[in-house]
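Enquirer: Below: sequence and its predicted model.
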Amino acid sequence: MTQAGEEMHALVERLYPLCRSITGDGVRATLDIVGEYIPLQVHEVPTGTQVLDWTVPQEWNIRDAYVADSAGNRVVDFAASSLHVLGYSVPVPPTTMPLEELRGHLHTLPEQPSWVPYRTSYYKPEWGFCLAQETLDALPDGEYEVCVDSTLADGHLTYAEHVVPGQVPDEVIVSCHVCHPSLANDNLAGIAVATFLARALADTNPYYTYRFIFAPGTVGAITWLARNQERVEQIKHGLVLACAGDSGQLTYKQSRRGDAEIDRVLQHVLTASERPHSVTEFTPYGYDERQYCSPGFNLGVGSLSRTPYSQYPEYHTSADNPDFVLPEAMADTLAVCREAFAVLDRNRRYLNLSPYGEPQLGRRGLYDALGGRSDTKQAQMAMLWVLNLSDGEHSLLDVAERSGLAFDAVAVAADALHAAGLIKA
C-alpha cells in the first residue's frame with residue numbers, strides 16, 4: 001500500500017492548486033486529471049435545469065482577483081492561492097476604496113491568525129476576499145484597489161461517473177465531492193482514494209457493479225439523483241468518501257437506516273481489523289450521504305472519513321494543504337474500503353441441502369482438505385457454523401458475527417461446502 005499511498009498523495013498535489021467550485025472550469029480541469037487515471041463519463045447539466053427542489057445555478061469562473069496597496073503591491077492575491085477569494089464572488093472592476101470600507105468584504109480567522117479561511121457565497125450575490133488575520137493587522141489605513149475578474153453566466157454544472165462492471169447489475173455507489181478549492185483533506189484525499197479504489201476493483205471481477213460519482217457537493221449529488229431516479233432500485237449499498245487523508249483514526253457514519261448492510265459491514269471490518277476507529281449514528285448534516293439518505297430515497301449509504309468534518313482545526317483553512325494529508329493514512333482508508341467491499345461482494349445467504357443432522361464431511365474430503373493447516377480448528381468451526389446457519393435467512397456476515405470468526409474464514413468455508421454440494425445460494 002505504500003506505493004499506492006505515494007501515488008495518491010501525488011494526485012492530491014496535482015489537484016491542489018486548481019480553483020474548484022460547484023460549477024466552472026476548475027471542476028472540469030479536476031475531472032480531466034482524474035480521467036488520466038480512470039476513464040470518466042462527464043455530464044454537463046445546463047443552468048436553469050430543475051433538479052428535485054433545486055435549480056442548476058449559473059456557472060462561475062474566475063481569472064484573477066486581488067487587493068493592492070497604493071504602491072500597486074498585491075497584499076491579497078488570488079494567483080497565490082484560490083482560497084484568497086470568496087467563492088462565487090460577483091465581478092468587481094478595478095475599484096479604489098478606503099480600508100475601512102474594504103473591511104466589510106474581508107474574512108479572517110482571528111483564532112488562527114496565520115491561516116486563510118475558506119468561505120463561499122454560492123446563492124447570494126456577494127464579493128470578498130479571505131486573508132490571514134496577521135496580514136490584515138499589518139495593513140495601514142489608506143486607499144486600496146480591489147478587483148475580481150470573474151464571470152457569472154449561464155453555463156453548466158459538471159459531474160462525472162466511472163463504472164466498474166460487475167457480475168450482476170445491482171450497484172454499489174462511491175461518491176465524493178469535487179467542489180472545494182485548495183483543500184487537501186476535505187475534498188482531494190477523498191477524490192484520490194476513490195480513484196485508486198476504482199482502479200483496484202477493476203482487477204477483481206467484482207460481484208456488484210461499482211459506480212463512482214465525482215460531483216459538486218449538495219447540488220451535484222442532488223442533480224445526479226434527479227437524473228438517475230430510475231436507477232435507485234438498483235443501488236444496494238453506497239459509501240461517501242471525505243476527509244480521507246489526515247492522521248486521525250477512521251470514522252464511519254452510519255446510513256439513515258442504521259442497520260443497512262453497509263453499516264454492518266463497515267462495523268465488522270473496522271472491529272475485526274482492530275484498527276482504532278469510531279462509528280457514529282446518522283445525522284442529516286455532513287456530506288452527500290444526507291442526499292442519498294433523504295427520506296424519499298433512503299438508500300443504504302454511509303460515510304467514511306478519518307477525522308470528521310469541522311473536528312480538526314485545519315478544516316476549511318489554508319492549513320489543510322498537501323503536507324496535512326499523509327500517504328499512509330490514504331493507503332489505510334483505501335485498504336478499509338477494499339476490505340469492506342470484499343465482504344459485500346461475498347456476503348450471500350445459503351441453504352443447507354443436508355439439514356437433518358450434521359453431514360459427513362470426511363467422506364466428501366472436506367476434513368482431508370484441512371489437514372496440516374495452522375488454522376484447522378477455525379476452518380472446521382467455520383464449516384460447522386455455515387452449515388448450521390444456512391437456512392436461507394442468515395447471511396455469511398450473520399455467521400461471522402455470531403460465531404466470532406473472521407469473515408474470510410467463513411466465506412472460504414462456504415465456498416468449500418458449496419463446491420461439495422452441501423449448500424446452495
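Expert: It's in.
Enquirer: For the rest of this, base every contact and every neighbour count on C-alpha atoms.
Expert: Fine.
Enquirer: show me the contacts for the nearest residue to residue 17 once chain neighbours are set aside.
Expert: Nearest residue to residue 17 in three dimensions, chain neighbours excluded: residue 182, at 5.8 Å (CA to CA, 6 or more residues apart in numbering). Contacts here follow CA atoms under 8 Å, 6 or more residues apart in numbering; on that basis residue 182 touches 16-20, 81-83, 318, 320-321.
Enquirer: Equivalent analysis for residue 269, please.
Expert: Going by CA under 8 Å, 6+ apart, the list of residues near residue 269 reads 336, 339-340.
Enquirer: measure it to residue 277 for me?
Expert: Residue 269 sits 11 Å away from residue 277, taking CA to CA, to the nearest Å as the criterion.
Enquirer: Could you do residue 214 as well?
Expert: 26 Å.
Enquirer: And those two? Which one has more around it.
Expert: residue 214 (30 against 15; other CA atoms under 10 Å).
Enquirer: if I read this right, the more buried one contacts residue 158, doesn't it?
Expert: No. Between residue 214 and residue 158 there is no contact under CA atoms under 8 Å: 9.2 Å.
Enquirer: Show me what counts as buried in stretch 125-133.
Expert: 126-133 (16 or more other CA atoms under 10 Å).
Enquirer: Kindly report the same for stretch 319-335.
Expert: 319-322, 325-334.
Enquirer: Give me the contact list for that stretch.
Expert: Contact with stretch 319-335 is made by 1-2, 4-6, 8-9, 12-13, 16, 115-116, 182-186, 189, 193-194, 196-197, 244-247, 250, 305-306, 314, as judged by CA under 8 Å, 6+ apart.
Enquirer: quick check, distance from it to the centre of its chain.
Expert: On the basis of CA atoms, centre = their mean, to the nearest Å, stretch 319-335 sits 13 Å off its chain's mean C-alpha point.
Enquirer: pull the CA atoms of it into PDB?
Expert: Extracted in PDB, the C-alpha atoms of stretch 319-335 (Å, rounded to 0.1, in the frame of the first residue of the first chain):
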ATOM      1  CA  ALA A 319      -3.600  24.700   6.700                       C
ATOM      2  CA  ASP A 320      -5.400  21.900   5.000                       C
ATOM      3  CA  ASN A 321      -2.700  21.600   2.500                       C
ATOM      4  CA  PRO A 322      -0.800  18.600   0.900                       C
ATOM      5  CA  ASP A 323       1.500  18.500   4.000                       C
ATOM      6  CA  PHE A 324      -1.500  17.800   6.200                       C
ATOM      7  CA  VAL A 325      -2.500  14.600   4.400                       C
ATOM      8  CA  LEU A 326      -0.400  11.500   4.700                       C
ATOM      9  CA  PRO A 327       0.300   8.800   2.100                       C
ATOM     10  CA  GLU A 328       0.000   6.100   4.800                       C
ATOM     11  CA  ALA A 329      -3.400   7.500   6.000                       C
ATOM     12  CA  MET A 330      -4.800   7.500   2.500                       C
ATOM     13  CA  ALA A 331      -3.500   4.000   2.000                       C
ATOM     14  CA  ASP A 332      -5.200   2.900   5.200                       C
ATOM     15  CA  THR A 333      -8.500   4.400   4.100                       C
ATOM     16  CA  LEU A 334      -8.200   2.700   0.700                       C
ATOM     17  CA  ALA A 335      -7.400  -0.700   2.400                       C
END
